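K.L.:
one predicted model, sequence on top.
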Amino acid sequence: MSGIVYLVGAGPGDPGLMTRRSLELIASADTILYDRLIPPGALEGARPDAELRYVGKEPGAAALSQDETNALLVELGRSGKRVVRLKGGDPFVFGRGGEEAEALAAAGVPFEVVPGVTAGVAAPAYAGIPVTHRDAASAVAFVTGHEDPDKPESALDWDALARFPGTLVLYMGIKNLPLIAERLAAAGRDPDEPVAVVERGTYPGQRTLVDRLADIAARVEAEGLRPPAITVVGPVAGLRETIAWLERRPLHGEVVAVTRARAQASGLAAQLRELGAEVVETPAIRIEPRPLEGALLDAVRGIGDYALVCLTSPNGVRLLFDALAETGQDARALAGATVGAIGPGTAAELDRNGVRADIVPEQFVAEALVEALAPVELEGRRVLLARAAEARSLLPDALRERGAELDEVALYETVAEPLGDEERAALERATYVTFTSSSTVRFLLESGARPPEGARIVSIGPITSATAQEHGLTVDVEAERHDVDGLVGALTDDAAARRVPA
Ligand code: SAH
């Protein structure tokens, strides 16, 4: 059986710019051969048993030559594998994808090409520079700046490029920029023409410089811009002043650490990224489900006998429904019970499982649920409280006081997740550190990690804040609404207030 090779573009770096097709192919590949400049996390969707091989060219490191890569693609294709050859940007724009396709064609190995968003368009776009414009550029040329323009064997006609009636987009040109700029000006390109250099376009920390053609090389040198970078020569570079948008997002430039469990971090992380923050995931805790046995198993089997069922977190809801499924039940088991939920996240998770909570307090703390339960008759009624193992005793105490016949079961335990070296280094760069529960504070600090000096501490509510203070942290921002939206809102307000000079 013959395999197939996909030459796939992974886009310029922002994972959101990967095509749907690229993600589908990564998820189904037997083997993935990848380069250095692919987006972070690009391989996360690969099959656990897929073979992942780095074939890029790292300065100093031994890697495959292009001929070896071509030969490897042919060999893998012939052996019946489904191969993804993953490259930064677009595979056919300075990606040597053309050569790989030729080698596959010559060997008779079937292949397909999946274009990607190329850096020469994407980096300028993220810098607020349209590479064409009705009034400013009717053509655009993609040029390699890799070649020394003074080399006689240069394949590029720099005089022609200087005369080119449109935008020049230079790839790989940072090192040769002084020579290139000089050469273009000498050949008649206006020395006053604006030039933009975009470093690490579409990545967090993207940097852009704009200057005159005559001065850009010195500026790049002075500011220490490094590859990967795209250089845009042409009047369109001047439009950045008006069109720049990335830097104007509310959390641009902020590095926000998310300490909640990795499995729960994605919603918060997505909201923060949407607002322009660089998010570093530094999970301090992990959710460890309790085995379905003993009192927990009894409670789940007999869930239909409770008058009131209280849930206090989305995790709890998910695990309860897993347990219901395992015991051959579903949402109908809760048909007769009043269902109480702390917070909209818990209520939303119930909703996803087909149950509308009867009682959702305005405030998202145990005290508020106690209050909201005031009108519910509890005397002599059977009540189930299903939640985390180490939770506070306020809610069970209050329920018992009101005469409830209470069963309290632990669905899961929150355990420490010590930070790895990379995560510790990431935490050091944080300008904000967010805490979404007391356990995130406790476990982070007990693991020996600490928010860096000067980082703003953000807490989801008073209980978490108190724990932070007990551990010697000063809480700079406390959410008024004790959920993820409330936390993001408070953090954003704080960032805005600090940006306006007093
Ligand atoms: N096939 C790729 C280009 C590979 S050549 C594409 O279509 O984008 C490598 C060059 O691409 C780098 O030297 C740099 O000039 C440019 N490049 C790639 N990613 C970049 C990024 N995120 N920001 C700026 N330039 C980038």
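P.N.:
Received the coordinates, thanks.
K.L.:
please count neighbours and contacts with C-alpha atoms only from this point.
P.N.:
Will do.
K.L.:
contacting residues around stretch 30-38?
P.N.:
The set of residues external to stretch 30-38 that reach it, using C-alpha atoms under 8 Å, 6 or more residues apart in numbering, is 10-13, 26, 47, 49-58, 81-89.
K.L.:
redo that, cut-off 6 Å
P.N.:
Identification of contacts with stretch 30-38 by C-alpha atoms under 6 Å, 6 or more residues apart in numbering yields 10, 50-56, 82-88.
K.L.:
check those against the ligand, which are close?
P.N.:
Gly88 (C-alpha under 6 Å from any ligand atom).
K.L.:
alpha carbons of the worst-scoring helix or strand of the chain on mean pLDDT, as PDB, please.
P.N.:
Across the helices and strands of the chain, the lowest-confidence element by mean pLDDT, DSSP states H and E is helix 366-372, at a mean of 83. This file holds the C-alpha atoms of helix 366-372, laid out as PDB (Å, rounded to 0.1, in the frame of the first residue of the first chain):
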ATOM      1  CA  ALA A 366     -20.800  29.000  50.000                       C
ATOM      2  CA  GLU A 367     -22.300  31.700  52.300                       C
ATOM      3  CA  ALA A 368     -24.500  32.900  49.400                       C
ATOM      4  CA  LEU A 369     -25.800  29.400  48.700                       C
ATOM      5  CA  VAL A 370     -26.700  29.000  52.300                       C
ATOM      6  CA  GLU A 371     -28.700  32.200  52.100                       C
ATOM      7  CA  ALA A 372     -30.300  31.200  48.800                       C
END
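K.L.:
related to what we said a few turns ago, hmm, which of the contacts of stretch 30-38 is lowest in pLDDT?
P.N.:
Confidence by pLDDT is poorest for Gly56 among the contacts of stretch 30-38, given 80.
K.L.:
can you count the residues close to it?
P.N.:
Neighbourhood size, Gly56 [other C-alpha atoms under 10 Å]: 19.
K.L.:
where does it land in three-state SS?
P.N.:
Per DSSP: H, G, I helix; E, B strand; the rest coil, the local secondary structure of Gly56 is coil.
K.L.:
for it, which non-adjacent residue is closest in space?
P.N.:
The shortest distance from Gly56 to any residue other than its chain neighbours is 4.2 Å, reached at Asp35 (C-alpha to C-alpha, 6 or more residues apart in numbering).
K.L.:
roughly how far apart are that neighbour and Ala10?
P.N.:
Between Asp35 and Ala10 the distance, using C-alpha to C-alpha, to the nearest Å, works out to 10 Å.
K.L.:
helices of the stretch 1-150 of the chain, residue ranges please.
P.N.:
The residue ranges that make up the helices of the stretch 1-150 of the chain, judged by DSSP state H, counting those that start in this stretch, are 20-28, 66-78, 97-107, 119-126.
K.L.:
next, format the ones you listed as a markdown table and append mean pLDDT and mean neighbour count.
P.N.:
Compiled in a markdown table, the helices of the stretch 1-150 of the chain are given as follows (pLDDT from 0 to 100; neighbours: other C-alpha atoms under 10 Å):
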| stretch | mean pLDDT | mean neighbour count |
| --- | --- | --- |
| helix 20-28 | 98 | 17 |
| helix 66-78 | 94 | 18 |
| helix 97-107 | 97 | 17 |
| helix 119-126 | 98 | 24 |
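K.L.:
closest one to the ligand among the ones you listed?
P.N.:
Taking C-alpha to the nearest ligand atom as the criterion, the ligand comes closest to helix 119-126 out of these, the separation being 3.7 Å.
K.L.:
return the residues of the stretch 201-350 of the chain in contact with the ligand.
P.N.:
Neighbours of the ligand within the stretch 201-350 of the chain, by C-alpha under 6 Å from any ligand atom: Gly201, Thr202, Pro227, Pro228, Ala229, Ile230.
K.L.:
return a PyMOL selection command for the buried portion of those residues.
P.N.:
Restricted to buried positions by 16 or more other C-alpha atoms under 10 Å, the PyMOL selection for these reads:
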select buried, resi 201+202+229+230
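K.L.:
widest-spaced pair of the residues of the stretch 201-350 of the chain next to the ligand?
P.N.:
Thr202 and Pro227 (13.5 Å; C-alpha to C-alpha).
K.L.:
ok, back up a step: buried subset of the contacts of stretch 30-38?
P.N.:
With neighbours counted using 16+ other C-alpha under 10 Å, those contain these buried positions: Ala10, Ala50, Leu52, Val55, Gly56, Arg82, Val83, Val84, Arg85, Leu86, Lys87, Gly88.
K.L.:
how far away is the second one from the ligand?
P.N.:
For Ala50, the distance to the ligand equals 24 Å [C-alpha to the nearest ligand atom, to the nearest Å].
K.L.:
going forward can the numbers begin at 30, since that is how I track them
P.N.:
With the count now opening at 30, the last piece we talked about shows up as Ala79.
K.L.:
ok, that residue - contacts?
P.N.:
With contact set as C-alpha under 6 Å, 6+ apart, Ala79 has these partners: Asp59, Thr60.
K.L.:
what distance do you get for it to Ala56?
P.N.:
Taking C-alpha to C-alpha, one finds Ala79 at 9 Å from Ala56.
K.L.:
over to the fifth one?
P.N.:
When C-alpha to C-alpha is the yardstick, Gly85 and Ala56 sit 21 Å from each other.
K.L.:
now do the fourth one
P.N.:
Counting by C-alpha to C-alpha, the separation of Val84 from Ala56 is 19 Å.
K.L.:
which SS state does the closest residue to Ala415 other than its chain neighbours fall under?
P.N.:
Leaving aside its sequence neighbours, Ala415 sits nearest to Val438 (C-alpha to C-alpha, 6+ apart; 5.0 Å). Of the three states, Val438 takes strand according to three-state DSSP.
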